[in-house]
Every structure is written in C-alpha cells, then in structure tokens.
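S.K.: mind looking at a prediction? Sequence and model below.
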Amino acid sequence: MLRLKSSRSLMLALALSTLYSLGVGLLGPIYPIFVVNRFSATIMDLGFLYALFCGVAALFKVVAGKLADTYGKEKVFFAGVMMGALCSLSYIYVPNITGLYIIEFLFGISYALQRPSILALMVDLGEKRKSGTVLGLFESIYDITEATAALLATIIATKIGFETLFYICSGCQATTGIFILKCKR
C-alpha cells in the first residue's frame, strides 16, 4: 500500500511538474523577441519588465503562502495558473508597452500564487522523510521540461507564430489548474 501511494505521488509530481513547466518554458526564450519585435522595445524595457515581474512575485509570495495555508494549496494554485493562462492570452491582444507592464504586474501575482502552492503540494505528496526526493524530482522534471519547451517555443514561434504559442502556453496553464482540481477529488 505504501509503495502504491509513493508511486501515485511520483506520477502526480511528474504530471504537475510537466504541465506547470510547459506553461512557463514556452514563454521564456521567446518573450524578449516578441516584446522587441511587436513594440520596438528597448533593452531597458526588457529589464524593467522582468524586474517588475520578479519584484511583484517576491512581494506577493509570502501573502500567497499564507493564502495557501488558509484556503488550501489546490485552490490558490488553481487561481494562480488560471490567472497566468489569462495573462498568456493577453499577450495576443496587448495594444502597447504600457499594457505589457500591466500584464507583467499581473503575471507576477500569478506566479506568486503558483510557486508556494505547488511546492507545498509537492511536499505533501511525499513521505516526510522523502520530501527532498520528491522536491528534487519535481525540480528536475521542471528543468527538463522547461528546456524542451524552449526548443519547442522557438519552432512554434518561427514556423507558426507568436499567437499560437501564447494559446498553447495558456492552454498548458489552464490544463494544469484543471488537473490539480481533478486530482484533489
């Protein structure tokens, strides 16, 4: 029975990590090219956009962790990935660089909601004495999938276009949210 729980936990960690990191990894290498091409942005804009995202995420992660403890990790993670899915779709329709700053602010909140929740879920999946193993597995899968997604993103963006990439990214994030709610049941 213990082995079955452990096996299911590892499969859930694999699925969550893969879906979660696809949503992030598809944007990574393409985002700066999209911003420069679409808005004629400067390197300064790219730096400020990334700093805004990271700063907002850092400020809200403690609050998001508290929300996860209070309302449930699954619900907070779901809110974060669905917000991220909407932000990914927003890239298609953003009219100007100012709108991009607003999206990055919201994406920072989205990421803040996601990260503490997903890490807490991963810890809950493993046995206490093997939480490091489960987190290591999660992080390894995350990195491998993100690297693969970076290659896919370049192919999709060059062969099909940015809009399709943003739809796929949004779909991965939304699917992750739906998956976590289904798994809870």
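M.R.: Received the coordinates, thanks. Note that this is a predicted model, so its numbers are computed, not measured. Numbers count the residues shown, from 1 in each chain.
S.K.: and residue 39, how many residues sit next to it?
M.R.: Residues contacting residue 39 under the criterion other CB atoms under 10 Å number 16. Where you see a C-beta, it was placed from the backbone N, CA and C, and this is true even at glycine.
S.K.: ok, now which ones touch it?
M.R.: The contact partners of residue 39, by CB atoms under 8 Å, 6 or more residues apart in numbering, come to 45, 96-97, 100.
S.K.: in ChimeraX, select just the buried ones from the residues you listed.
M.R.: Command for ChimeraX that selects the buried part of the contacts of residue 39, burial taken from 16 or more other CB atoms under 10 Å:
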select :45,97,100
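S.K.: can you tell me which of the contacts of residue 39 is nearest residue 87?
M.R.: Checking the contacts of residue 39 against residue 87 by CB to CB gives residue 100 as the nearest, at 10.6 Å.
S.K.: that closest one contacts residue 32, doesn't it?
M.R.: No: using CB atoms under 8 Å, residue 100 is not in contact with residue 32, being 11.8 Å away.
S.K.: between these two, which contacts overlap?
M.R.: Counting by CB under 8 Å, 6+ apart, no residue touches both residue 100 and residue 32.
S.K.: residue 166 contacts residue 92, correct?
M.R.: Yes: look at residue 166 against residue 92 with CB under 8 Å: they come within range, at 5.2 Å.
S.K.: more neighbours: which of those two?
M.R.: Per other CB under 10 Å, whichever of residue 166 and residue 92 has more neighbours is residue 166, with 23 against 13.
S.K.: which residues touch the more buried one?
M.R.: Contact analysis of residue 166 by CB under 8 Å, 6+ apart lists 88-89, 91-92.
S.K.: in the protein, which residue is closest to the centre?
M.R.: Nearest to the mean C-alpha position of the chain, counting by CA atoms, centre = their mean, stands residue 24 at 4.5 Å.
S.K.: which is the succeeding secondary structure element to the helix or strand hosting that one?
M.R.: Using DSSP states H and E, residue 24 sits within helix 2-25. Remark: after helix 2-25, the chain's next helix or strand is helix 31-39, criterion DSSP H and E.
S.K.: name the residues of that following helix that are buried.
M.R.: Buried-residue list, helix 31-39, by 16+ other CB under 10 Å: 31, 34-35, 39.
S.K.: so for the helix or strand following that helix, what's the average pLDDT?
M.R.: Next along the chain after helix 31-39, taking DSSP H and E as the criterion, comes helix 43-71. Average pLDDT, helix 43-71: 95.
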